[in-house]
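Asks: Could you work out the structure for the sequence below:
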Amino acid sequence: MLNVYDRLSDVQYISPHYRAVFEKWTRKGSIYKGLKTELLVASTYKTKEFRRAYTEEYCKIYSLTPHQSKMMMDDQMQAADDYNDFLVSLCAQETQWDDFSERNSLWNVFLLRDGYFREKPFEVRKVKEKRPLYKSFYPFISPWSSVYVFRFKKTDKLKASKSLELVLAGVPGSLRLKWYH
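Replies: Sure thing, here's the model as predicted:
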């Protein structure tokens, strides 16, 4: 008999459905200089499909009421209509390279739509507190990583993009994470 929950880590349990959707919308990459790792990155693109699976899992884990669940789902679906959000976990070799939310960051972060529409983030927010909740839903987060939310506004003419690339370019090198719709 199969369990409803698969063991993902020593502490947390999530459903196989959420895990499958999470893996579908998560990309990983790295920047190397010779044999030395300069930057490790993992990012989840918060699509409607991902937000739906996340919300269903969250509501189940926290036993939210039907009304609370509906409100959360409505909020998540509205956010998916308005923004392209990416939750990004980074491990930088040098601490000064972990400045993505700073005004004069060493990094140029942008989104490429269909390989050529280039867009700067509307917001880059560092997640200050890595609560167990984040580790449960985003198992790539480690004690050594920094977590950011990169938010890009959607515009009507670009909503139907076939691909999105999150680009991080800076002194250590550049990295592209690509998703297809």
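Asks: could I get stretch 124-131 in CSV with only the CA atoms?
Replies: What follows is stretch 124-131, C-alpha atoms only, in CSV (Å, rounded to 0.1, in the frame of the first residue of the first chain):
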residue,chain,number,x,y,z
VAL,A,124,14.0,41.8,-5.6
ARG,A,125,13.4,40.9,-2.0
LYS,A,126,15.7,39.0,0.3
VAL,A,127,13.8,36.6,2.5
LYS,A,128,15.3,37.4,5.9
GLU,A,129,14.0,34.5,7.9
LYS,A,130,14.3,31.0,6.5
ARG,A,131,11.5,29.3,8.5
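Asks: Contacts made by that stretch with the rest, please.
Replies: Residues outside stretch 124-131 that contact it (CB atoms under 8 Å, 6 or more residues apart in numbering): 100-101, 105, 109, 134, 141, 143, 145-151. C-betas here are computed from N, CA, C, even on glycine.
Asks: what's the pLDDT at Leu166?
Replies: With respect to pLDDT, Leu166 scores 97.
Asks: Dig out what it forms beta bridges with.
Replies: Residues in a beta bridge with Leu166, per DSSP bridges, are Leu111, Leu177.
Asks: just to revisit the earlier point, now for the contacts of stretch 124-131: which two are most distant?
Replies: By the measure CB to CB, Pro143 and Arg151 form the most distant pair in the contacts of stretch 124-131, at 24.9 Å.
Asks: The two: who's more crowded?
Replies: More crowded of Pro143 and Arg151, by other CB atoms under 10 Å: Arg151, with 17 against 6.
Asks: nearest residue to that one other than its sequence neighbours?
Replies: Excluding the flanking residues, the one nearest Arg151 by CB to CB, 6 or more residues apart in numbering is Glu123, at 4.2 Å.
Asks: give me every residue that touches the one you found.
Replies: For Glu123, the contact set (CB under 8 Å, 6+ apart) comprises Val149, Phe150, Arg151.
Asks: For my notes, please list those residues in CSV and give pLDDT and secondary structure for each entry.
Replies: Listed next are the contacts of Glu123 as CSV, based on pLDDT from 0 to 100; DSSP: H, G, I helix; E, B strand; the rest coil:
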residue, pLDDT, secondary structure
Val149, 96, strand
Phe150, 97, strand
Arg151, 97, strand
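Asks: Please identify which of these is nearest to Gly170.
Replies: Distance to Gly170 across the contacts of Glu123 (CB to CB) is lowest for Phe150, with 14.2 Å.
Asks: wait, what's in contact with Ser145?
Replies: Taking CB under 8 Å, 6+ apart, we find Ser145 in contact with Leu40, Ser89, Leu90, Cys91, Lys130.
Asks: cool, and Val147?
Replies: Leu87, Val88, Ser89, Leu90, Lys126, Val127, Lys130, Tyr134, Tyr138, Ile141.
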